[in-house]
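next comes the sequence, and after it the predicted model I'd like to discuss.
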Amino acid sequence: MTPDLQLAIEMAEQAGKLTLGYFGRKSLQVHSKRDATPVTEADRKAEELIRAGIASRFPLDGLFGEEFDERPSGNGRRWIIDPIDGTRAFIHGVPLYGVMIGLEVEGLLRLGVVNFPALGELYHAESGCGAFMNGSPISVSAIAETAAATVVFTEREYLLDPPSDHPVDRLRSEAGLVRGWGDCYGHMLVASGRAEVAVDKVMSPWDCAAVIPVVTEAGGCCFDYRGNEVIDGVGLVSANRSMGGSLLSAIAGMEVESR
């Protein structure tokens with residue numbers, strides 16, 4: 001385990017403990033950001049803790065998080081932070097929220113840590129080293145048939161939007177099981193082989209940066225609705241290798257037809 005990964009795990013665990021001090025508290029104050037999404041004191045305090053811990057060890061590294069302004073990198077390294085992914089779940093006392101930390105080096109994601117403090121589950125991965133949950137190796141499932149697949153999603157629009165011919169959207173009526181186990185938890189279900197596809201139609205870089213290394217090191221793949229493997233694309237889809245390959249082929253076919 002590299003010093004980078006050790007630090008990311010340490011910070012995710014410390015921030016997780018901080019969030020538990022607010023979790024389930026009836027007096028928790030919720031505010032709305034400019035984009036109308038909710039934020040709490042726990043979100044801000046957790047990100048401050050993570051930023052301070054990283055800055056003390058790597059003062060030249062960039063810091064890019066959901067709640068505060070970006071600190072530019074002075075060396076090609078950038079830590080991408082989501083202090084509470086699933087703030088709505090957190091507010092409602094649902095334990096499926098996660099603390100997420102990713103590291104990008106020269107534009108490439110090198111590691112990801114996703115901690116679910118209320119569940120006692122911590123996932124981590126580093127490039128070329130595999131993916132783990134609580135120290136034990138994990139891998140995606142081998143299910144290839146859509147009718148046998150479990151698909152999980154976050155936004156209700158995935159089910160409520162008008163019918164779409166997009167291959168990912170077609171899964172909502174073709175998959176064997178479709179459930180709203182969303183946010184980062186859904187993507188970790190894919191990484192650990194408990195679901196085949198996770199869908200988020202709206203994502204920001206901090207929602208993706210820690211997820212992608214874990215899913216890919218577990219043998220899966222991540223891409224946006226256009227089939228691109230980026231953290232600033234249109235949504236995010238995580239899938240096992242079989243389902244993901246089929247979806248990417250179908251998306252590529254759509255792109256060709258539209259030209």
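Now that the structure is in, tell me what you want to look at.

ok so Pro59 is a strand residue?
No. Assigned with DSSP: H, G, I helix; E, B strand; the rest coil, Pro59 falls outside any strand and is coil.

for stretch 159-168, what is the average pLDDT?
The average pLDDT for stretch 159-168 rounds to 89.

in that stretch, what counts as buried?
Under the neighbour-count criterion of 16 or more other Cβ atoms under 10 Å, stretch 159-168 has His166, Pro167, Val168 buried. C-betas here are computed from N, CA, C, even on glycine.

wait, what's in contact with Glu47?
Glu47 sits next to Ala15, Gly65, Glu66, Glu67, Phe68, Ile81, Pro83 when contact means Cβ atoms under 8 Å, 6 or more residues apart in numbering.

ok, now with 10 Å
Applying Cβ atoms under 10 Å, 6 or more residues apart in numbering, we find Glu47 in contact with Ala15, Leu63, Gly65, Glu66, Glu67, Phe68, Ile81, Asp82, Pro83, Ile84, Val99, Trp206.

one step back: for the buried residues of stretch 159-168, give me a markdown table that also has distance to Phe90.
Below are these laid out as a markdown table (distance: Cβ to Cβ, whole Å):
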| residue | distance to Phe90 |
| --- | --- |
| His166 | 30 |
| Pro167 | 32 |
| Val168 | 26 |
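
tell me the one of these nearest Val211?
The nearest member of those to Val211, counting by Cβ to Cβ, is Val168 at 16.1 Å.

if we can go back for a sec, just the buried ones out of the contacts of Glu47, please.
Taking 16+ other Cβ under 10 Å as the criterion, what is buried in the contacts of Glu47 is Ala15, Leu63, Gly65, Glu66, Glu67, Ile81, Asp82, Pro83, Ile84, Val99, Trp206.

looking at the residues you listed, which are in helices?
Mapping the buried ones among the contacts of Glu47 onto helices (DSSP state H) picks out Ala15, Trp206.

skipping adjacent residues, who's closest to Pro117 in space?
Spatial nearest neighbour of Pro117, chain neighbours left out: Gly16 (3.2 Å); criterion: Cβ to Cβ, 6 or more residues apart in numbering.
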